[in-house]
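Novice: following is a predicted model, sequence given first.
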Amino acid sequence: MSEVIRIFDTTLRDGEQTPGVSLTPEQKLELAIQLDKLGVDVIEAGFPAASEGERTAVKMIAEAGLKAEVCALARADNRDIEIAMSVEPNSLHVFFSTSDVHLQNVLKISREEALERIAESISYVKEHGFICEFSPMDATRTDLEYLKKVCIVAEEAGADRVDIPDTVGIMTPRKMHELISEIRKVVKIPISVHCHNDFGLAVANTLAGIEAGAQQAHVTINGIGERAGNAALEEVVMALNLLYGKKTNVDTRKIYAVSQMVRRLTGIQLQPHKPIVGDNAFAHESGIHVKGVVIDPSAFEPFKPELVGRIRKIVAGKHAGRHGIKTILEESGLKPTEEQLAEILRRVKELGDKGKTVTDTDVLAIAR
Ligand code: KIV
Ligand code: ZN
């Protein structure tokens with residue numbers, strides 16, 4: 001496994017393909033600037049052939065002087081490629097379907113014709129001096145021997161990287177590990193993985209691909225994307241850092257602020273228990289847990305919330321204990337006696353037992 005895993009952020013492309021999400025060029029630029037500060041290696045800024053707004057957005061981002069590589073998506077089609085090149089990104093992400101279900105039923109072309117299209121398109125991009133990453137779309141449902149041939153052809157045509165998309169999210173970690181190991185045997189260029197979350201396995205499959213030798217992960221902030229979304233940047237990066245001992249160039253302390261920005265701009269809310277960035281990811285209510293984290297946070301937290309730009313939250317409710325309620329009161333400058341604390345706790349539990357959510361404001365009102 002290589003030391004620094006590259007993060008290819010596609011929040012502004014696959015993430016923006018989330019049903020109901022549409023960003024203005026100005027919003028995309030605002031987000032690209034924050035992604036750049038976050039430290040992602042590649043920003044896939046959009047799909048220029050899709051609309052005038054996409055072209056404007058990618059151009060604005062390409063001209064913003066960012067440190068990250070600014071990438072534009074294009075089908076393996078000269079017209080798409082010309083449009084993408086016209087907005088002057090650093091790189092093009094060219095894709096073409098390779099599974100039989102796509103080739104025979106949707107595109108109605110042969111495997112050989114597809115190989116020619118792929119080689120021609122990559123050569124065309126390289127003749128114009130752009131970095132080229134190639135994706136065989138629906139790679140994980142493509143016949144393995146044919147997929148290997150596609151990757152070899154892509155490398156020979158000059159592709160700088162080859163990406164293996166799990167377009168419909170049907171992989172398992174073991175299968176992803178095996179697939180990337182097979183692709184590694186036939187190409188020397190860096191391999192990316194692009195996993196969708198249809199079975200909730202996008203992050204696990206991404207990590208398995210990296211364990212097998214992929215050097216780059218395609219991810220989105222908050223895991224937004226087509227259907228059930230893409231692998232979440234925050235989960236992949238934190239797992240790489242803390243569970244796999246792998247570095248990325250992401251400044252993890254900025255993760256939460258960027259996540260909040262994506263939430264605000266896209267209007268896509270998160271489940272409270274979403275790892276890393278969900279409202280409850282560092283919240284504790286039960287008395288046993290609160291007592292533990294008050295004494296030693298590592299007792300019930302895998303890592304410090306500050307590492308991803310967050311703070312710990314102690315929540316009141318029917319599972320609360322003395323430590324939690326005392327902490328909430330002390331944070332507001334109140335120092336109850338033991339007797340008062342017992343009474344406040346009794347009333348908090350009474351509310352909780354009635355099915356009520358007990359906010360900090362409620363606790364303070366009870367205390368007063
Ligand atoms: O999921 C997918 O296959 C894609 C391609 C454009 C790479 O997003
Ligand atoms: Zn995708």
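Specialist: That came through, no problem. Ligands and ions are numbered 1, 2, ... in the order given.

Novice: going forward, measure contacts and count neighbours with C-alpha atoms only.
Specialist: Will do.

Novice: residues of the stretch 151-300 of the chain that sit close to ligand 1?
Specialist: Contacts of the stretch 151-300 of the chain with ligand 1, taken as Cα under 6 Å from any ligand atom, map to 165, 167.

Novice: how far off centre is stretch 214-225?
Specialist: Chain-centre distance of stretch 214-225: 4 Å, with Cα atoms, centre = their mean, to the nearest Å.

Novice: buried residues, it. List them.
Specialist: For stretch 214-225, a neighbour-count test (16 or more other Cα atoms under 10 Å) marks 214-225 as buried.

Novice: mind putting the residues you listed in TSV, pLDDT and secondary structure included?
Specialist: Output for the buried residues of stretch 214-225, formatted as TSV (pLDDT from 0 to 100; DSSP: H, G, I helix; E, B strand; the rest coil):
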residue	pLDDT	secondary structure
Ala214	98	coil
Gln215	98	coil
Gln216	98	strand
Ala217	98	strand
His218	98	strand
Val219	98	strand
Thr220	98	strand
Ile221	98	helix
Asn222	98	helix
Gly223	98	helix
Ile224	98	coil
Gly225	97	coil
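
Novice: would you pull up the residue in the protein closest to ligand 1?
Specialist: Nearest residue of the chain to ligand 1: Thr167, at 3.8 Å (Cα to the nearest ligand atom).

Novice: need the contact list for the residue nearest to that residue when sequence neighbours are not counted.
Specialist: Spatial nearest neighbour of Thr167, chain neighbours left out: Asp138 (4.9 Å); criterion: Cα to Cα, 6 or more residues apart in numbering. By Cα atoms under 8 Å, 6 or more residues apart in numbering, Asp138 lies in contact with 97-99, 102, 165-168.

Novice: for these, pick the one with the most neighbours.
Specialist: Within the contacts of Asp138, Thr98 tops the neighbour count with 27 neighbours, counted by other Cα atoms under 10 Å.

Novice: by contact count, what packs against the helix or strand harbouring Glu178?
Specialist: For Glu178, the host element (DSSP states H and E) is helix 173-186. With contacts defined as 3 or more Cα pairs under 8 Å, 6 or more residues apart in numbering; DSSP states H and E, helix 173-186 has these neighbours: helix 144-156, helix 202-211.
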